[in-house]
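Novice: Give me the fold of what follows.
(one chain, ligands or ions: 3)
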Amino acid sequence: MPVEEALERLLAMAEASAITERERLPLAATHGRVLAEPLVSSLDLPPWPNSAMDGYALRLEDWKGLPLPVSQRIFAGQAPEPLQPGTCARIFTGAPVPAGADCVEMQENAQVQDDQRVLFTEPLKRGQNIRPQGQETTVGEEVLAAGTRLGPIEQGLAASLGCAELEVVRRVRVAVLSTGDELVEPGQSLGPGQIYNSNRVLLCSWLQRLGCEVLDGGILPDDLEATRQRLADLKDVDLILSTGGVSVGEADFLGLALREAGELALWKLAIKPGKPLTFGHFRGVPVIGLPGNPASTLVTFALLARPYLLRRQGVQQVQPLRFEVAAGFAWPQPGNRREYLRGRMEQGRAIIYRNQSSGVLRSAAWAEGLVEVLEGRTLVEGDQVSFIPLSELLD
Ligand SMILES: Nc1nc2c(c(=O)[nH]1)N[C@H]1C(S)=C(S)[C@@H](COP(=O)(O)OP(=O)(O)OC[C@H]3O[C@@H](n4cnc5c(N)ncnc54)[C@H](O)[C@@H]3O)O[C@H]1N2
Ligand code: MOO
Ligand SMILES: [Mg+2]
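Specialist: Ligands and ions are numbered 1, 2, ... in the order given. So this is what the prediction gives:
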């Protein structure tokens, strides 16, 4: 199955089981969460016209080439009197423009005379250096849509509108399982045939960045009965996310357990790395089985599981940004799967890590992004390829 089709199906299933529960959180605790309702402005921003410069506020028609006396001084945080006709007001950046004034001149273009009156040396324009009331937002305007993911910028924007709390979608609860008899946790000593479990921390830490609640299910042995049992035990979660055990080997039981349960929805995609990616349900609980090779885990999580998880939380914009760039490498052999090479930009061209084996996680640590090479495609240096920055995918 082509990658787009698999993604489309995954997103449709995510939408059908979108999280509907919501909670109200203090603004500072909303980072990484998803807005459950539109953010509507309850005020004009700015709430009143204010000065964009340190200088003088005046009424254009009062300026006839003669110096004007200063009738008041207005700092940010003060409430000014209306401007007396025939005068100007000393004003500072961010201070309210007094009623009656229709322009602000910056102090660099003003000469203070010996008698403290002020002469303006440059032509003036109505409205200059005044930030009008409501220029950013007016009362009742939708500023952020429901389904927006909140980060520092959105939190800052909500704060500028005076919101102390926001209504967000409940976190998605994800259980992480690492399958494999060969796996040992870091810190323990390695026996013969054993390797350290790298997928577990990679996924747990990534899920946390995505605003998910993570239940670390530890290591699952390669055993059909143990697999059935563990899947059955994980009832109170929105998703079971596992790695390994989805290919065709005699110790691959995850796909088998889903097939047996009659709920296998997706298996075998035209993606490299990551072909045996598996999606299904176990007694109604969605299960994504990522292939065990670390680079396969990474690529399939980034391109399929991540958008699925975001869509479950109601996020519409789940596709990462991608850029068309020139390839700094040649690709002479067309593949029958869409490839995601670990690459980085050098002198304006995408170059790729020397070893693209799906077992080599170091390729991704070296990389800045995934370079997409379409199925059936060959490349000579300079041809256009898509580059998806990893920074886009990690959050
Ligand atoms: N006869 C075939 N064999 C394989 C095929 C195939 O089409 N026909 N597909 C290959 C592809 S492609 C992939 S990808 C792998 C996927 O295998 P599984 O998802 O079943 O994963 P495992 O066999 O359990 O493990 C694969 C590999 O990854 C290592 N691994 C697993 N979990 C972890 C972990 N948590 N941390 C670090 N490394 C892990 C494991 O030791 C294996 O080396 O199947 C191919 N085979
Ligand atoms: O698709 Mo597998 O992930 O090539 O190694
Ligand atoms: Mg296997």
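
Novice: Please identify the helix or strand for whichever residue of the stretch 251-395 of the chain sits closest to ligand 1.
Specialist: Closest to ligand 1 within the stretch 251-395 of the chain is residue 292: 2.7 Å, counting by Cβ to the nearest ligand atom. Where you see a C-beta, it was placed from the backbone N, CA and C, and this is true even at glycine. Under DSSP states H and E, no helix or strand contains residue 292.

Novice: Check which helices and strands the helix or strand bottoming out on mean pLDDT in the chain sits against.
Specialist: Within the chain, confidence by mean pLDDT, DSSP states H and E is lowest for strand 264-267 among all helices and strands, at a mean of 92. Other helices and strands packing on strand 264-267, by 3 or more Cβ pairs under 8 Å, 6 or more residues apart in numbering; DSSP states H and E, are helix 3-16, helix 254-260, strand 278-282.

Novice: Which parts of the stretch 201-350 of the chain are helices?
Specialist: 224-233, 254-260, 294-300, 306-312 (DSSP state H, counting those that start in this stretch).

Novice: and residue 68, which of the ones you listed is closest to it?
Specialist: helix 306-312 (57.8 Å; Cβ to Cβ).

Novice: Point me to the helix or strand that includes residue 89.
Specialist: Going by DSSP H and E, residue 89 is part of strand 88-91.

Novice: Listing request: residues of the stretch 151-300 of the chain with sub-threshold pLDDT.
Specialist: By pLDDT under 70, the stretch 151-300 of the chain has no low-scoring segment.

Novice: Any residues of it in contact with ligand 1? List them.
Specialist: 178-180, 182-183, 195, 197-200, 243-249, 252, 273, 275-276, 291-294, 296 (Cβ under 6 Å from any ligand atom).

Novice: Those also near ligand 3: which ones?
Specialist: 247, 249, 252 (Cβ under 5 Å from the ion).

Novice: residues contacting the closest residue to the first one other than its chain neighbours?
Specialist: Sequence neighbours aside, residue 276 is the residue nearest to residue 247 in space, at 4.5 Å (criterion: Cβ to Cβ, 6 or more residues apart in numbering). Under the criterion of Cβ atoms under 8 Å, 6 or more residues apart in numbering, the contact partners of residue 276 comprise 246-248, 255, 267-268, 289, 291.

Novice: Can you tell me which of those residues is nearest ligand 3?
Specialist: Set against ligand 3, the nearest of these by Cβ to the ion is residue 247 (3.8 Å).

Novice: Quick one: residues contacting the closest one.
Specialist: Taking Cβ under 8 Å, 6+ apart as the test, what residue 247 contacts is 255, 276, 291.

Novice: how near is residue 54 to ligand 1?
Specialist: 59 Å (Cβ to the nearest ligand atom, to the nearest Å).

Novice: per-residue confidence for that residue?
Specialist: You'll see residue 54 listed with a pLDDT of 98.

Novice: Confirm for me that it is in contact with residue 93.
Specialist: Yes - if you go by Cβ atoms under 8 Å, residue 54 and residue 93 touch, sitting 5.3 Å apart.

Novice: Which of the residues in stretch 24-38 are classified as buried?
Specialist: Under the neighbour-count criterion of 16 or more other Cβ atoms under 10 Å, stretch 24-38 has 27, 30, 32-36 buried.

Novice: I meant to write stretch 335-349 there.
Specialist: So, applying 16+ other Cβ under 10 Å, buried residues of stretch 335-349: 337-345, 349.
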